[in-house]
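*Asks:* Only the shape, not the letters, is given here:
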């Protein structure tokens, strides 16, 4: 349900609206301008094209998780605490494929925003069976707090990109702050693939190719109650190095 504020410039979502597997933050937010609606066909076309690219790769990829996921499954069951899987934006398409065979009890909800670039990927993600939760960028409630509220309400695992919003390849302070406020575990994840197509514009991304070999490395869980930016950065860089070594070894 939507309710306009007196000023007419903000909208409040009184309950989360479900569109397939996409849900939205229940916060007041500024209504987008009519000009942005003109981009709707572009957004749809982007999702369709990405889906046509990703789906054959998603179906045919050979995926290896290092180490196995048994430890994370036990951690999730024993602690009863959410897990935040975090990575760099550059690995987003590869990570999407790597989570294909992830245990259902560990499967994270992807975090996106209501901006154009994020929306260009969201439908593709849901078509592959994943859930996406969208925060509002133009809201009096900060995105970080929106995510905290969602995790504390749902107690679900989530997937975040540590460099979202830039600067790229640098963990932002919001990541450990979210983990601390939600008593979550932090697990760094890096996925490398071969063969893969690497693009540097408009963002640096690695795209899988059909029948590719994917190596997904996850680091040791970090207790979010004591996590720091430096610790999260170091763990993700270590996972990145281990993924490269593992891919070279298996080639």
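*Replies:* On my side now, so go ahead. Predicted, not measured: the structure shown is a model, and the values here were computed from it.
*Asks:* make it CA atoms for all contacts and neighbour counts henceforth
*Replies:* Fine.
*Asks:* Could you measure from residue 176 over to residue 160?
*Replies:* 11 Å (CA to CA, to the nearest Å).
*Asks:* Tell me which of those two has more neighbours.
*Replies:* More neighbours surround residue 176 than the other of residue 176 and residue 160, with 27 against 20 (other CA atoms under 10 Å).
*Asks:* so that one makes contact with residue 231?
*Replies:* No. Taking CA atoms under 8 Å as the definition, residue 176 is not a contact partner of residue 231, at 9.4 Å.
*Asks:* Give the buried residues for stretch 91-110.
*Replies:* Counting neighbours by 16 or more other CA atoms under 10 Å, one finds that the buried residues in stretch 91-110 are 91-100, 106-110.
*Asks:* And stretch 130-144, by the same measure?
*Replies:* Of the residues in stretch 130-144, 130, 131, 132, 133, 134, 135, 136, 138, 139, 143 count as buried by neighbour count, 16+ other CA under 10 Å.
*Asks:* Stretch 232-251 too?
*Replies:* In stretch 232-251, counting by 16+ other CA under 10 Å, buried: 232-233, 235-240, 242-244, 246-247.
*Asks:* Which ones among these map onto strands?
*Replies:* Judged by DSSP state E, strands contain none of those.
*Asks:* Mind checking which of those are in helices?
*Replies:* Among the buried residues of stretch 232-251, the members falling in helices are 232-233, 235-240, 242-244, 246-247 (criterion: DSSP state H).
*Asks:* Could you measure from residue 179 over to residue 250?
*Replies:* Going from residue 179 to residue 250 by CA to CA gives 34 Å.
*Asks:* All the strands of this protein, in order from the start?
*Replies:* 2-4, 10-13, 22-24, 28-30, 62-66, 83-87, 109-113, 132-135, 158-161, 185-199, 205-218, 222-223.
*Asks:* Which other helices and strands does the third one contact?
*Replies:* The one in question is strand 22-24. Helices and strands touching strand 22-24, by 3 or more CA pairs under 8 Å, 6 or more residues apart in numbering; DSSP states H and E, are strand 132-135.
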